[in-house]
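Enquirer: Fold the following, please.
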Amino acid sequence: MKPRGTGLTLFFVAYSAAWVILLPVMLIYLMRRARKDPRYTRHLSERFGVVPAPLPGAVWIHAVSLGEFRSAVPLAQALLARGEAVHITCLTPAGRAEAETTLATEIATGRAVVTWLPLDMGWTCRRFLRAARPKAGLLMEMEFWPRLIESADRLGVPLFACNAQYPEKTFARDTRITRPLGQAMGLLAGAMVKSDLHKHRFAARGTAPLHVTGELRFDQPVPDRLVQAGHALRARLGATDRPVITIASAIAGEDDLLAGAIREIRARRPDTLVVYVPRAPERFDTVADILQAADLKVLRRSAALGPDLAPRSALPGDVQVLLGDSMGEMYAYLAMADRVIVGGGFVPKGAHNISEAFALGKPVWVGEHIWTIAYPAQEALAAGVLQILPADPGAIATALCAADGPTPAEVRDFFAAHQGALGRTLAAFDSEMARR
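Expert: Below you'll find the model as predicted:
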């Protein structure tokens, strides 16, 4: 067990007290989310550390939601292929559903299990770890729960940050305001990080040892079924010879801006088809209302298309915006596009995953807030396959309607140059486990 200073010990006391006070608030939050998605309150005992069907000795991978799980898929599959069992934990229904679907065969044969991550209280985390008895744990991306980290260290479970990043704003916050949160990261068994920049930030918090392994999203499998479905849908919408722009992972606060940009784009290129994919399913109806209020002719995927994006009936010929109100079909929406806007970066919350578009050879535009994707955004900017847009509808339209831009070959070359994180991650994991 790693030593804890007085300051860190006092922090854990205060943190535990805060959880006692705020636990009713958390339960109310889950119940409110369950009104729109009942899955939030299913298997509720797991959120208190219960593991119904443990796989002792499994490698435990925590992937908070859909995006994090997808980045973990190559790693989970590689571990399974060499005989390991895998325990996946999630915090959102979207992530859990994807994990259960992707690993359905392994779950049925007792080689994988999927549960909720427990609430971050000392007793729930210890209960979970004692029940699950994992060989080691991997926290994907930037899921750093202090009590979980502390409990793993206390119980001797090697817990690593994996595919890890320490974003600029989070690092600055932990430097100025929440220093104990940063200090808790020093209790990790180590980290496999995306870039040298993140390595230096983790080192400043006392995390060791550190391995620069790259971005696992560059190694995640591309589902050919979805790519082909996207190509077929573009043809069915009569857009084979029309420009198609996909707006992916748009978040709250961006919709009015992007709706205005769509109107500007269509004023310059009236034949443009826009595919609009909101980030969260609870926003689908709201986004549909915003787009329709902007006098755009919207076709909702949920209303018009069945399995594999096949039309239920003849599609209208005057569609201006296809609203991608579904989950798990992003590759199809990206496959339809000539150019891609990835949301999140037009507001301070920060841009979302750009690697999926790169995997299909699509050039990407984002808003100015890229602190959440510092790697690979900085590298992509330098390579010319990513461009930053101001939060201005006219400027967005000008950039997306311009004749020049990176070619698919340039995007694919960039993508290929940044693959290989899976092999480096496995090598780092094996070397750390061999030392124990």
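
Enquirer: Output the lowest mean pLDDT helix or strand found in the protein.
Expert: One helix or strand of the chain scores below all others by mean pLDDT, DSSP states H and E: helix 179-184, with a mean of 87.

Enquirer: Now do the strands in the stretch 251-400 of the chain.
Expert: 273-278, 298-300, 321-323, 339-342, 364-366, 386-388 (DSSP state E, counting those that start in this stretch).

Enquirer: Quick one: name whatever helix or strand follows the least confident helix or strand of the chain.
Expert: strand 190-193 (DSSP states H and E).

Enquirer: What is whichever helix or strand comes after that following strand packed up against?
Expert: Heading C-terminal from strand 190-193, the first helix or strand you meet, by DSSP H and E, is helix 196-204. The elements that helix 196-204 packs onto, with contact taken as 3 or more C-beta pairs under 8 Å, 6 or more residues apart in numbering; DSSP states H and E, are strand 159-164, strand 190-193, strand 210-212, helix 374-383. C-beta: built from backbone N, CA, C; applies to glycine.

Enquirer: Make CSV out of the ones you listed and add distance to Phe12.
Expert: Formatted as CSV, those follow (distance: least, C-beta to C-beta, whole Å):
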stretch, distance to Phe12
strand 159-164, 16
strand 190-193, 21
strand 210-212, 24
helix 374-383, 30
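
Enquirer: Nearest to Asp219 among these would be which one?
Expert: With C-beta to C-beta as the criterion, Asp219 lies closest to strand 159-164 of those, at 10.0 Å.

Enquirer: got the angle between the closest one and helix 196-204?
Expert: 160 degrees (axes from the mean of the first three to the mean of the last three C-alpha atoms, to 10 degrees).

Enquirer: Would you indicate which residues of strand 159-164 are buried?
Expert: Neighbour-count burial for strand 159-164, with 16 or more other C-beta atoms under 10 Å as criterion, is recorded at 159-164.

Enquirer: Among those residues, which one sits closest to Gln387?
Expert: Asn163 (25.0 Å).

Enquirer: The closest one reaches Leu216, doesn't it?
Expert: Yes: if you go by C-beta atoms under 8 Å, Asn163 and Leu216 touch, sitting 4.5 Å apart.

Enquirer: Using JSON lines, please lay out the helices and strands packed on helix 196-204 together with distance to Val366 and mean pLDDT.
Expert: Converted to JSON lines, these look like this (distance: least, C-beta to C-beta, whole Å; pLDDT from 0 to 100):
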{"stretch": "strand 159-164", "distance to Val366": "20", "mean pLDDT": "98"}
{"stretch": "strand 190-193", "distance to Val366": "22", "mean pLDDT": "98"}
{"stretch": "strand 210-212", "distance to Val366": "24", "mean pLDDT": "98"}
{"stretch": "helix 374-383", "distance to Val366": "7", "mean pLDDT": "96"}
